[in-house]
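Peer 1: Requesting a structural model of the entry that follows:
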Amino acid sequence: QVELVDSGGGLVQPGGSLRLSCVADAPTFEHYAVGWFRRGSEKVRQGVVCITSDYETTYLLDSVKDRFTISRDNAKNTVYLQIHNAKPEDTDIYYCVAVPIACRWKAVEYDYWGRGTQVTVAA
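Peer 2: You can find the predicted model right below:
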């Protein structure tokens, strides 16, 4: 069983930056791929980005490639999502997700989910 606690959301102005954190309660955290999904405009969870157990990044959403960066610190059981140049369309609830080893493309393929953290981009 893996418990994920996501945090760091809040209000940020357009063009600003924000860092989300995901702390995992998992004895073998280093063996999990961890990513971020967001709720999406039609309430269909939308994949954003994922990082594998081998530190490889997979962008699940092309439009954020130049602005979002994912990283992990296995010593702290933590994954970060750095948002740069935030845009109003980034406004959403962001969920930390995890699955063993490799990143997946679909929400249903992730075994563990955080409760979500709200990001609001507005002036």
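Peer 1: only C-alpha atoms for contact and neighbour calcs from this point on.
Peer 2: OK.
Peer 1: I'd like to know the beta-bridge partner residues of the residue nearest the centre of the chain.
Peer 2: In the chain, the residue lying closest to the centroid (C-alpha atoms, centre = their mean) is Trp36, at 2.3 Å. Note on Trp36: beta-bridge partners Val49, Cys96, judged by DSSP bridges.
Peer 1: And for Asp73?
Peer 2: Beta-bridge pairing of Asp73 under DSSP bridges involves Thr78.
Peer 1: measure it to Phe37 for me?
Peer 2: Using C-alpha to C-alpha, to the nearest Å, one gets 19 Å for the distance from Asp73 to Phe37.
Peer 1: Please apply the same query to Leu61.
Peer 2: Distance of Leu61 to Phe37, computed by C-alpha to C-alpha: 10 Å.
Peer 1: Which of these two has more residues huddled nearby?
Peer 2: Phe37 (24 against 13; other C-alpha atoms under 10 Å).
Peer 1: I figured that one hits Val97, correct?
Peer 2: Yes: contact criterion C-alpha atoms under 8 Å: Phe37 and Val97 qualify, at 7.1 Å.
Peer 1: who touches Ile101 in this structure?
Peer 2: Contact partners of Ile101, counting by C-alpha atoms under 8 Å, 6 or more residues apart in numbering, are His31, Tyr32, Ala33, Thr52, Ser53.
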